[in-house]
Structure formats: structure tokens, C-alpha cells
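J.: predicted coordinates and the sequence they were generated for:
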Amino acid sequence: MTKLPVRYSGRWIRALVALAMLTTGTASLAGTDPSAPLGANLNAVNDFSDEFPFVNLMKSARDWIPGNVNGCFDCREPGGNPACLAPNSCPVTISVDADGYPTSLAPGQVLTSILHAGGNPGRLASGTYTIRFAGNGTLQLLGMTQVSQGSGEIIANLVSSSGNNIGLRLTATTPGDHLRSVEVLPPGGVCSNDERQFCDGSNACAGGASCLLFTAPGVADAQLFQPRFLRNYEPFRLLRYMDWMETNSSPIVDFADYPTPSSAFWHRVPPQILAALGNRLRSDIWINLPHRASDAFIDSFATVLRDSFTPDRRIYLEYSNENWNGIFAQNVEIPRQFCPGFADLAAGCQNDGIPGNGIACERDPNTFSLGAAQAPCFEALVRAWGDRSVQIFDRFAAVFGASANSRLLRVVAAQAANPDLGRQVLARNATGQAFSVASRTDAYASAPYIGTEYCTPDSGINPDTSPQVYASVDNFLDHLETAGMSRAVGFMSGSRAMVNGNFPGLRHIAYEGGQHLAGIAGFTFNNVCNDVFDAANRHPRMETIYETYWSNWRQNGDEFAHFYTTGRYGPFGRWGLLEFQDQDRLSAPKYRALLDHSAAFPCHWSGCTQGGGGGNNNPLLSYAPTAGSQASPGNGPNFPGGTAGTAAASIGISASGASGTGSTMLSGCAVSGSGASAFAAIQLTPANGLFDTGVSSGSIGLACTRAEAPAQALLSCSETPLGGAAITRAWTLTCPPAVVQPDALFDDGFEAGVVSTCTPADVLIDGGLEASNPNTGANAAWPSTSTAFGTAICHANFCPDDAGTAPPRSGAFWAWFGGVNGSETSTLSQTVVLPAGAPRHLNFFLRTGRVTAPFDAQLRVKVDGNVVLVFAEPSTAEPSYVARSVDLSAFANGQSHDIQFEYVNPNGSGVSNFVVDDLSVTCSAVGN
């Protein structure tokens, strides 16, 4: 095999991997790509989504709809349908068991559940579906044709879901043996050697592996997640479950109100399943605790995650979601609940939109105003937000014990457009305590969306006020990648500045982000807006815009959770990187940008590399094993390579099929064989090995010691289902050999994996600008322009320092951008060759020493005419120079590139001074 030259190692190897992901349909798990930089929000689980997370489609179906035999679809919303009205009986009450299955029907009642509300085109696969159930009852099919029916099973055929509601209608059930435990299994299956690979008659498995049909015994329970769903989430290091938990306006108080693995529907996904997906993908998970949740709920949720989620990944904790946002119930219910406990605020909170009724912080039903209670209710929100966050963090810590610091990450999140709100929540002491909220927090999160200002009535950038912006998709994208990008970068840098200036111990992360092209108020259904927004999201230029957007984020924060991964486009947003689960990635520019960015830019913050190896890619542990048979050894997990030392990995366990009193015991795990001595003691989670309705996922933690030669052994565990005989589960383990670092003496520069030196150390010429003409500022290495002054390069001979707000940092020369009231554009640039084979960073010192409202000047850093970073005029002047860095590694390809600073001060703006000095392009970043 030909070795790659060293100049193609590192970043370009990662880029080739991204290309492979596009062409083969597979990608690294977050666990096998420990430096994955991005995270994802998951779309809500519902019947009108074109994302199908679970093999059992019943879990994402719509809850039972009460109708009647006369033709009323929903008795709760009769509308003008006479079948729903008297004299016809139309009962709305549904009698259900603990799992949500109807135990009986009222006279004349029928119950409907929609599996999938098909769009145009429909995205639910055509083919043969298998409906299985326990108990006795009668099911009618909606949108499907029955092929056959046997005991507890219906075989159905789906021709098309386009514009078609696919569902089940319960017309009879037997009290005492009611119809329950419904499974709806799609056509196809999963490859035995890769849980991310779908297979059927037209899609064979690679490597001669078997296609395990979803209808085969135990496969659906063991696989749990659809293969294509797992594939789409492979690139992400972090999964935010805000919508999977239906956090916004949640009514949940007690843990008994929350779904379990055996529940009919998972509209709020059970914590065991949240853990199982993180285990399967080797990703961190982000939990949003409901704002009404009791202490007992918090403790129970924490206990399940402690026992179910792999200990080598982290759990991010957040109190509810966007508590500042008035469209969600938590915005009013939090101060309403907690304000009576604040003696200095209680009376004021009662003087609200409906005064005198003893209920705090109520809005006037006509004006939606809180009246005189606005200020005290806001203060109560800020206090309670911080207090309850700390209480949740502390309760989780108590449950997790000594492992809390390594397994939990505590987050307070607030509005990107108003970072001072976050400061207020973090800065105050928790009520009755001597410590601040910030001292109990690890990260501050914002949502720096791009495009929030379009098609809104108050922004001025809508088809009525700015028709030229919407004249074509290219016009719109031109505006988005300049003005829109600048606004988004301002959100990023504003939150980062708030954190750095007030809470230097906290990290800045993004709880949501991406494009925000959705019309507001009167523009929600505006055809011009929707047509342009749809076209922009599908346009190839969106890929570049996203890459620039994420590159700007790298300069301002750490983890970034995109909102969201898969979802239909419509008037309420185009949030998905993909429009539907099976979309060809080549037709999805935002998803392509994700792969490109992740390949080119690994995670960049301290300690970001995730430990451990990827999980096993086979379906692992089933609650319906083949009776009396011993499983053939499967491939074990991938242990990461490296130099001599310890390597960690784990096998994720999915036992999601538990129901009723069923349980399975995993015990007697042992490693045997010639290489057994290389492997450490096994860590089983849960420690007692018992899986039941309370604990349905876990892991087998493994470690080995890399030595000169690889070591191979056999891991065997005994699995005993309730009432069944023990069988053996076995995996082949391979500990990789230690990598021997080559002797630098023999490094000829053409061995893959050898780290190249940084040559030359600095590619810029005259980074201090000291070769400039002291009378004119002319510099052969640094072409410069200025509409007001001719050049941005300054010397004391012709540039005063504006009362000390615009001096040089060192030497006699510096670059001064601005200094004039009104319109001004100036540039400073140099064309350099960025050598391949090593990272490159543009480093410089920047000071914004004078600022004036409306604070809309910008200093843009461009490479080859493309904006890679924007420094927006802050609202407060900086007293001194600050080291800044821009990552240019994406351009380090041995070619010439034009690096340019461009300053723009709009007409009508005041004076601002941006001064730059001491520039370099080296292999290391020296600033923020």
C-alpha cells in the first residue's frame, strides 16, 4: 500500500473520511471520532415527522383519538361534523392501563392512533408491515391494506404514504384481556455486522453479513433504533433531548406521570431510552428537566441515568428550556410558583393582569400584559431560575456521588440577543446561600441563530420594506452571508464577552443554533418569504454559509448543538439539516457542511477529546433470545489505538423489550483465552446485571493494556431471561498493538502519521508594519485602502492617537480602522502561501478603544474574499489590546491565499476606533 505523504495527514485525512461518509453512507461514531466538534438537538417524536427513530413505529404514533362509530374522527373537536353532535353519542373519556392501552371502550366509541401523517411526498416506506399485539380486540387499518391475520398478528401492505394518514383504529377490546403491547414493524431489517446499516431484498449487507429482519425473534427489541436514524446521528458528540422530553410547557410533576419503556407511546422519551441512544452512539447527552418537576422526579430521573448511561460520557443538565421566552408556559409558571416565597416580591407579583385572585404573575387575557407585576415577576423569574437550577444540579450530584464531577456538566442557558439576562441569573447568590449560581455552574449556553431578522414585522428586512433582498434567492443569500452573518457573530461574541468578562471559570456553549429562516406574525404564511426561505435552505451556497458560520463559532465558543437534525420544511421553519430520514446527503447542503466542518476542524477546547472506543455495531442483548442456543461470538468493540498504555471501550446493552414483570439477568462475565491477561476487570452497568422495566440499557465496560503485540481473547456472559434457561453471549476482543513513535532521525517527511514541523514559523512579512513609510504609511507587503484617509496604516507623524484610544501596541506603526464619523471602509491585506501539513492561525492584537451608538461598525477577517470572522463593535470600549486568533487551517494547502482585514462603518454611524498591531501566521493560536 502506498503511504500518504505527511502533508496529507491530519486535516486532509479527516476530509477524506468525510468524503467516504458521503459516498458509502457510513461515518464514525462519536466514540470512534473522539474529537467530533458538533452536537445536535433531536426533533420531537410525533406522527407528522419524517424522522422515524424507533423500529417499533407505535412508539412515535399519536395518542388515542376518541371518535365514534357514526363517523366522528375526534369527539374533542367536533367542528361542523354532525356525526360528532347529539343525538349521536361521542364520549371523550378513555379508560387506559398504566402503559396507556385502552382497557375498555364506551358504547359507540372507537379509538384511532395515527402512525404517520404523510406529507407530499410521503416518506414512510412502502412495503409489508407487521402489527403484533397481546390480548384480544379488533384493529382496523388506515391507509394500509390487510394481507392476512393470525393470532396476535396482522400483516399489512402500504402502497404509499403520500398525503395519506397511516394508522390503526381500535373498534373493540376485551375487558380483562384488553389489546395491548402493540408493535408496528416496518419492512426490512438490520445487518448483523452493523446496526447502522438497513437491509432488505434490494440492499444487501457488506462482508457477507446476514440481514436480520425486524420481524425475527428479538431483533426489534435489541435493535430499538432504526438503522438509518443511527447513521444520521453518527457525526455528533452530543445529543440534546429538549424536544424528545417535550420540555416546553411541560405539565410533568411526578415521575409516575412520565412514560416508561413499556408505555404505548414515547411522546416523552423514557430516560432509559435516552440513555440507550447515547450509549449506542457513544455520545454525551443533554437533559432538560421540566419546570414543574418535583424533587422526587429529579431524584428518580437521576437514578435511572446513573444506572443506565455509560460512565465514560457526560450528562448535561439544564433547568427547562428558554425560561425567558414568553411563548412557553415556563416563562410565567416559574415566577408564579416561586414568587410567593420571596418576601420582598410576593405582593408585587399579585398586582398582575388579573389582580386580587391570589394567583401571582397572571397576564391580562385581553392585553396579555402583567401590568404593574412586570418588574417583580421578572425578578422572581431570575431568582427562581438560578435557585432551581442549583437545586437540580445538587440533587443529581447527590445521586451520582463521587462520580458527579466526571459524569455531569451543569448548564445555565439564556438569550443570545440579551446576554445580560444570563449574567443576572448567574451573578446573584442562590437564595439563602453564600455562593453564587455561577459557582455551581460549568457552562453558559446561548443560541446564536443566523437569520432571525428576516420576514419579521419589526426588523425592516421583509418583502414590504426590503423587496430587493427577496428579489431572488441569490440576492437573499448575499444579504444573509454578510449582514445576517454579522448579526449572528454579534450574538456569539456578545455572549462570549459576557462570560469572559464576568465568569472566566465558565465555558460558552450553544444549546441551539443554525439558520432561523421562519416568518413571524403576518409573514408566517407569506409566499415570498416561504419560497425564498425554502430555496435558500436547499441552495448549494447554504453549505458555505454554514461552514463560515461554524468557523466563526469556533472563535467564540465550545460545544454547539444544532437545532435540529431531521424535519420537514414549512412555514414554521426549515430547521432540519435533513428534510427526511432517507434523504441523500449530497442533496442536503447543511448536512454536507456538518460533515465537511467536522472533518476539517476537530473539537478545539481544552479536554474536549472523548475517551473510550466505539460501541459494538451488532444488535447486542435481546429479551427474546433463541431458547437454548448459544450465541456465536460477535465482534467486540473497537479499542482505540495509541502508544503503550491503557485503552478503554465498552459494549452498550439495549434491553428495551422489558414489559410487565419480565426481567433478564446478565452475570458471570469473564475473559478467557491466550490474551486474557491483557484485559482488566469488567465493569458492568448496572452493577447487579439486572435489566427490567426500570433499567433497560447499560454497558459492559472494558479496558486493555496495549503492548508490542496485539492481544485477543473471548468475553463471555451468561444471560438468563425470567422463566427461561441461561444462554451464553460472547464477543471476540482484540487489544491493538502499541504504536511505536518513529525516531525523528529517520523522519524523511513521507511517512503517514509523522507530525510535521511548523516551517516557516511565521509566513507573514513585516507583521509589525514597521517597514511602512513614516510619511505616507505605504508598505509593499501590506496593501491598504481607506475612503477617508487613503490607508489604514498609521505613524505618529500623521495619525494622532485620539486621546489615547488608538495608539500602537508596539513599535512606531500600527493599523487604525475607523476614526471618522459616518461612512468609512478601509482594508489591510497580504497574500501569503499557507503551507500544507500543519495547522495555521492568524494571530494579532486588537483593541476597540472608542465606540459610539448604534454600535454597528464591523471589522471583518476575510480569506480569498470570504468572511471567516467578524468583530462587531462592542457597546463598551476596550482599555487595552487583546490577543486574537483566527484558525486558517482549512486553507493550509500549500497555495497562495489573500488575507484581508476589512472595516465597514455604515453611513450615519458614529466614530469607532479598531486598532490592530503585531500580526503573525503561525502553527499555534495565541489569542481568543
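T.: Done, it's in.

J.: where does the chain have low pLDDT?
T.: For the chain, applying pLDDT under 70 flags the ranges 1-33, 611-635, 638, 640-643, 654-662, 693, 696-697, 739-759, 837.

J.: what do you get if the cut-off is 50, keeping everything else the same?
T.: 1-31, 612-632, 656-660, 741-757 (pLDDT under 50).

J.: domain-wise, how is it divided?
T.: Using automatic domain parsing, the domain parsing of the chain gives 57-185, 233-449+484-519+546-600, 615-756, 784-922.

J.: nearest to Ala40, out of those?
T.: Nearest to Ala40, of all these, is domain 233-449+484-519+546-600, at 4.4 Å by Cβ to Cβ. The way it works is simple: take the backbone N, C-alpha and C, and place the C-beta from them, glycine included.

J.: could the domains of the chain go into CSV alongside mean neighbour count?
T.: Shown next, in CSV, are the domains of the chain (neighbours: other Cβ atoms under 10 Å):
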stretch, mean neighbour count
domain 57-185, 17
domain 233-449+484-519+546-600, 21
domain 615-756, 18
domain 784-922, 19
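
J.: tell me which of the ones you listed lies nearest to Ser210.
T.: domain 615-756 (10.5 Å).

J.: same list, the domains of the chain, but as a markdown table with distance to Asp478 please.
T.: Shown next, in a markdown table, are the domains of the chain (distance: least, Cβ to Cβ, whole Å):
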| stretch | distance to Asp478 |
| --- | --- |
| domain 57-185 | 31 |
| domain 233-449+484-519+546-600 | 10 |
| domain 615-756 | 39 |
| domain 784-922 | 12 |
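
J.: and the gap between Thr130 and Ala593?
T.: As for Thr130, its distance to Ala593 is 38 Å (criterion: Cβ to Cβ, to the nearest Å).

J.: before we move on, what about Phe435?
T.: For Phe435, the distance to Ala593 - Cβ to Cβ - is 41 Å.

J.: so who does the closest residue to Ala204 other than its chain neighbours touch?
T.: Using Cβ to Cβ, 6 or more residues apart in numbering and skipping residues adjacent in sequence, the residue nearest Ala204 is Cys211, 7.3 Å away. The contact partners of Cys211, by Cβ atoms under 8 Å, 6 or more residues apart in numbering, come to 188-192, 199-200, 204-205.

J.: go on, Ala156?
T.: Contacts of Ala156 by Cβ under 8 Å, 6+ apart are 128-131, 141, 144-147.

J.: go again using 10 Å as the cut-off
T.: 127-131, 139, 141, 143-149, 166, 168, 184 (Cβ atoms under 10 Å, 6 or more residues apart in numbering).

J.: cool, and Tyr233?
T.: Residues near Tyr233 by Cβ under 10 Å, 6+ apart: 27, 29-30, 40, 42, 53, 196, 225, 239, 277, 280-281, 283, 565-566.

J.: so which of those residues are in strands?
T.: 40, 196, 239 (DSSP state E).

J.: I'd like these laid out as a markdown table, including distance to Ser606.
T.: Shown next, in a markdown table, are those (distance: Cβ to Cβ, whole Å):
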| residue | distance to Ser606 |
| --- | --- |
| Ala40 | 23 |
| Arg196 | 31 |
| Leu239 | 22 |
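
J.: now, which of those residues sits nearest Gly818?
T.: Using Cβ to Cβ, Ala40 is the member of the ones in strands among the contacts of Tyr233 that sits closest to Gly818, with 39.6 Å.

J.: so that closest one makes contact with Met242?
T.: No: the pair Ala40 / Met242 is not scored as a contact, 11.1 Å apart, by Cβ atoms under 10 Å.

J.: intersection of neighbour lists for these two?
T.: Contact criterion Cβ under 10 Å, 6+ apart; residues bridging Ala40 and Met242 by contacting each: 286, 561, 563-564.

J.: those in helices, which ones?
T.: With helices taken from DSSP state H, there is no overlap with the shared contacts of Ala40 and Met242.

J.: save these as TSV, and put in distance to Gln900 too.
T.: What follows is those, written out as TSV (distance: Cβ to Cβ, whole Å):
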residue	distance to Gln900
Trp286	38
Ala561	32
Phe563	32
Tyr564	35
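
J.: out of these, which one sits closest to Gly522?
T.: Gly522 has its nearest neighbour among the shared contacts of Ala40 and Met242 in Phe563, at 24.0 Å by Cβ to Cβ.

J.: what sits against the closest one?
T.: Contact partners of Phe563, counting by Cβ under 10 Å, 6+ apart, are 40-43, 240, 242-243, 447, 449, 510-516, 573, 575-577.

J.: is Thr720 in a helix, a strand, or coil?
T.: The local conformation at Thr720, judged by DSSP: H, G, I helix; E, B strand; the rest coil, is strand.

J.: ok, longest helix in this protein?
T.: Looking across the chain with DSSP H, the single longest helix is helix 374-400.

J.: that helix packs against which elements?
T.: With contacts defined as 3 or more Cβ pairs under 10 Å, 6 or more residues apart in numbering; DSSP states H and E, helix 374-400 has these neighbours: strand 284-289, helix 295-308, strand 315-319, helix 330-338, helix 346-350, helix 404-407, strand 408-413, helix 419-427.

J.: recalculate using a threshold of 7 Å.
T.: For helix 374-400, the elements it packs on are helix 295-308, strand 315-319, helix 330-338, helix 346-350, helix 404-407, strand 408-413, helix 419-427, judged by 3 or more Cβ pairs under 7 Å, 6 or more residues apart in numbering; DSSP states H and E.

J.: not counting its own residues, what contacts the second one?
T.: Meaning strand 315-319. Applying Cβ atoms under 7 Å, 6 or more residues apart in numbering, the contact partners of strand 315-319 are 284-289, 305, 309, 385, 388-389, 392-393, 396, 407-411, 413.

J.: hmm, try it at 8 Å
T.: Here strand 315-319 has contacts from 238, 240, 242, 284-289, 291, 305, 309, 385, 388-389, 392-393, 396, 407-413, 443, 445, 511, using Cβ under 8 Å, 6+ apart.

J.: distance from that strand to the middle of the chain?
T.: 13 Å (Cα atoms, centre = their mean, to the nearest Å).

J.: do the last one as well
T.: Centroid separation for helix 419-427 versus its chain: 23 Å, with Cα atoms, centre = their mean.
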